[in-house]
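>>> I'll drop the sequence and a predicted model, then ask my questions.
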Amino acid sequence: MSLSIVIPAFEEGKKIARDIRAATAFLKDHNIPGEIIVIDDGSEDDTARAAEKVPPTVGIPCRVFRLEANRGKGYAVRTGVKHAIGEYIMFADSGCCVPYTNVLHGLEMIQNGECEIAHGSRKMAGCRINRPQSRWRRICSKAFRFVVHAWLKMPPDLTDTQCGFKIYRAQIAKKLYAECVTEGFSFDVEIIVRAHRYGYRIKEFPVEWTCDCDSRISLSRTSLRVFRELIKIKRILGKEQLNAAAQAVKT
């Protein structure tokens, strides 16, 4: 078994070294062959340079890719998945909000044949929340969940579509992300809908989570962008479904 850990990062020069060290320590401590892939999403700070300065660990390569312009978290994760070579691929948000030891639960579920995709969840029984989101963010999160479940017909059993801690079988991740068109924060939604249509099983597992007070998500700046992304996802997936139906009729 080998694991590729993709870390999308934007303006994370102060955190990225800690992220890399934590991911590397996890792989080393549990004797898991793997690699770290950092995608600097066009940061104006020293994110890429800080990542490259982390002393290498024998047997655990860390590759750093710097995008020339800020494209969005979805594009960054897609880039990381494209370059990953592990048997399993995961992505984790910068900031070490979820300890990497939580990966073991998700990997076990996939390896046992319970699912093809394992999602960390902050909203199911067994979670441990060390520092919660603000009340306003929790309200917005509930509203977002209601909209995507009602409008995009998400699998009803999923409790936390936006947790930045997801694990995939590599061939499935590469297939889904190659088709994904969403470049911003709503990419998780598109990936889930596509996975559901293909019949891939998604199962959640509870995680330990600490809210990152230095998050790059600004509700005032990103809310309209997210809404536009959801409209785009609805339109594109609807068109693809119609085209598939028309093709089926022809054959």
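Thanks, I have it. Only a predicted model underlies this, so the values are computations on that prediction, with no experimental measurement involved.

>>> is Asp169 in a bridge, and if so with what?
Check again: residue 169 is Arg, not Asp. Beta-bridge pairing for Arg169 (DSSP bridges): Tyr88.

>>> Could you measure from it over to Val207?
Distance, Arg169 to Val207, using Cβ to Cβ, to the nearest Å: 20 Å. Glycine gets a C-beta too; all of them are placed from N, C-alpha and C.

>>> which one of these two has more residues nearby?
Set Arg169 next to Val207 and count neighbours by other Cβ atoms under 10 Å: Val207 wins out with 25 against 18.

>>> so who does that one touch?
Counting by Cβ atoms under 8 Å, 6 or more residues apart in numbering, Val207 touches Val98, Asn102, Gly120, Ser121, Arg122, Cys127, Arg128, Cys163, Phe165.

>>> so what's the backbone phi/psi at it?
Dihedral angles of Val207 (phi, psi; degrees, to the nearest 10) stand at phi -130, psi 160.

>>> On the pLDDT front, check it for me.
At Val207, the pLDDT value in this model is 97.

>>> Whichever helix or strand Arg225 is part of: which residues count as buried?
Using DSSP states H and E, Arg225 sits within helix 219-250. If you call a residue buried by 16 or more other Cβ atoms under 10 Å, then helix 219-250 has these buried ones: Thr222, Val226, Glu229, Leu230, Lys232, Ile233, Lys234, Leu237.

>>> what's the average pLDDT for that helix?
For helix 219-250, the per-residue pLDDT averages 79.

>>> Then stretch 113-128?
95.

>>> hmm, who's touching that stretch?
Under Cβ under 8 Å, 6+ apart, the answer for stretch 113-128 is 98, 102, 105-107, 109-110, 129, 158-161, 163-169, 172, 195, 200-209.

>>> Mark which of those residues are buried, thanks.
For the contacts of stretch 113-128, buried by 16+ other Cβ under 10 Å: 98, 102, 106-107, 109-110, 158-161, 163-169, 172, 195, 200, 202-209.

>>> then stretch 19-32 to PDB, C-alphas only?
Extracted in PDB, the C-alpha atoms of stretch 19-32 (Å, rounded to 0.1, in the frame of the first residue of the first chain):
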ATOM      1  CA  ASP A  19       1.800  20.500   7.500                       C
ATOM      2  CA  ILE A  20       4.700  18.700   5.700                       C
ATOM      3  CA  ARG A  21       6.300  17.600   8.900                       C
ATOM      4  CA  ALA A  22       3.100  16.200  10.300                       C
ATOM      5  CA  ALA A  23       2.200  14.300   7.100                       C
ATOM      6  CA  THR A  24       5.800  12.900   6.900                       C
ATOM      7  CA  ALA A  25       5.800  11.800  10.500                       C
ATOM      8  CA  PHE A  26       2.500  10.000  10.000                       C
ATOM      9  CA  LEU A  27       3.800   8.000   7.100                       C
ATOM     10  CA  LYS A  28       7.100   7.300   8.800                       C
ATOM     11  CA  ASP A  29       5.500   6.300  12.200                       C
ATOM     12  CA  HIS A  30       3.100   3.900  10.600                       C
ATOM     13  CA  ASN A  31       5.500   2.500   8.000                       C
ATOM     14  CA  ILE A  32       3.300   3.600   5.100                       C
END
